[in-house]
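J.: Just need the structure, nothing else, for what follows:
(one chain, ligands or ions: 1)
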Amino acid sequence: MSTDGLGTPLAGQVVLVTGGARGIGAATGVALAQAGATVWLTDVLACDEAVATVRESGGQAHGRPLDIRDRDACAGIVEEILAAHGRIDALVANAGVCPAGTVAGDWAQWQHVIDVNLNGTQNSVAAVWGPMCAQRRGRIVIVSSMAWYQGGVIVGTEYSASKAALIGMTRHVARNGGPHGVLCNAVAPGLIDTDMTAEFPRGDLELIPLRRRGTAEDVAGPIRFLCGPDSAYMTDCVLNVTGGMVLAA
Ligand SMILES: NC(=O)c1ccc[n+]([C@@H]2O[C@H](COP(=O)([O-])OP(=O)(O)OC[C@H]3O[C@@H](n4cnc5c(N)ncnc54)[C@H](O)[C@@H]3O)[C@@H](O)[C@H]2O)c1
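T.: Numbers count the residues shown, from 1 in each chain. Below is the predicted model of the structure:
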């Protein structure tokens, strides 16, 4: 992999990815590293495989255990990154859970999903906020979901509610971060082939204008764009990565 020139717009940059052990987070790690960034992949699952994949493709990666529900641990990872590099250029707040559910579903499940998807994301955003404002530069990409907009199909109320709340969070962070040089945008994936959707029934491709499920790489590209120089005048945006499914919903 080349490490200079136009192919590596993130050369020298340092990015924290939550939920980086697999799926969209792991693919994002590869995409960012190929653009020249050093990625810190974090997850409740072991990140060894994802880190090895980045390194095999010629990129630089570190892996750390991190449960985003732990506010102090989120702050600790950012401190470690700052100690190692003296900077943190972007956060990809990707970690999330998505159990199947209903409207009057299980209360423990509601609390768990809100705790991870909403409270955990806030913990990670809060951890980078001070350092990014201090360095007057930063990108925050929040991984929401198409469910924020169309209500979700198989997923429970708590998932749609949590992902809608992340759009409110994106807007608040964008409004307040802008004057400090901190940009915040969201991606809203549709139906993406990962472990999260492995049990989802197949066969509804008629609902997707592009007639296929997305891949993790399909989402990683737009995330990389939102971390890079080509989106320097974009904040408060929500990129639908749905193969047109929102349009069709
Ligand atoms: N796959 C889809 O169709 C789809 C659609 C819309 C949005 N999303 C969102 O994309 C993101 C990534 O999902 P994915 O499809 O790659 O699924 P995935 O299950 O493969 O990845 C999610 C990762 O988050 C991690 N995670 C869960 N709880 C955590 C916690 N408390 N702390 C840290 N990490 C934790 C998991 O261990 C996992 O590695 C999620 O936020 C998900 O809601 C996915």
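
J.: neighbours around the residue nearest to residue 137 when sequence neighbours are not counted, how many?
T.: Counting by CB to CB, 6 or more residues apart in numbering, residue 181 is the residue found nearest to residue 137 once chain neighbours are left out, at 4.8 Å. No exception for glycine: its C-beta is placed from N, CA and C like everyone else's. By other CB atoms under 10 Å, 13 other residues sit near residue 181.

J.: I'd assumed residue 134 was in contact with residue 181.
T.: No: here residue 181 lies out of contact with residue 134, judged by CB atoms under 8 Å, at a distance of 10.4 Å.

J.: Residue 73 and residue 79 touch, don't they?
T.: No: contact criterion CB under 8 Å: residue 73 and residue 79 do not qualify, at 10.4 Å.

J.: out of these two, which sits in the more crowded spot?
T.: residue 73 (18 against 13).

J.: ok, now which ones touch that one?
T.: Contacts for residue 73 (CB atoms under 8 Å, 6 or more residues apart in numbering) come out as 66-67.

J.: can you tell me which helix or strand it belongs to?
T.: Assigned by DSSP states H and E, residue 73 belongs to helix 71-85.

J.: Spell out, range by range, the helices that occur in the chain.
T.: 23-34, 48-56, 71-85, 107-113, 121-135, 147-150, 157-177, 216-227, 245-248 (DSSP state H).

J.: now those in a markdown table, with mean pLDDT and distance to the ligand?
T.: As requested, the helices of the chain are exported to a markdown table (pLDDT from 0 to 100; distance: least, CB to the nearest ligand atom, whole Å):
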| stretch | mean pLDDT | distance to the ligand |
| --- | --- | --- |
| helix 23-34 | 98 | 2 |
| helix 48-56 | 98 | 9 |
| helix 71-85 | 98 | 9 |
| helix 107-113 | 95 | 9 |
| helix 121-135 | 98 | 8 |
| helix 147-150 | 93 | 7 |
| helix 157-177 | 97 | 7 |
| helix 216-227 | 98 | 6 |
| helix 245-248 | 78 | 10 |
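
J.: hang on, the earlier thing: for the helix holding residue 73, C-alpha coordinates in CSV please.
T.: The C-alpha trace of helix 71-85 is given here as CSV (Å, rounded to 0.1, in the frame of the first residue of the first chain):
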residue,chain,number,x,y,z
ARG,A,71,-17.6,6.3,30.7
ASP,A,72,-14.3,6.2,32.5
ALA,A,73,-13.0,3.5,30.1
CYS,A,74,-13.9,5.7,27.1
ALA,A,75,-12.0,8.6,28.6
GLY,A,76,-9.1,6.2,29.4
ILE,A,77,-8.8,5.1,25.7
VAL,A,78,-8.7,8.7,24.5
GLU,A,79,-6.0,9.5,27.1
GLU,A,80,-4.0,6.5,25.9
ILE,A,81,-4.3,7.7,22.3
LEU,A,82,-3.3,11.2,23.2
ALA,A,83,-0.3,9.9,25.1
ALA,A,84,0.8,7.8,22.2
HIS,A,85,0.2,10.3,19.3
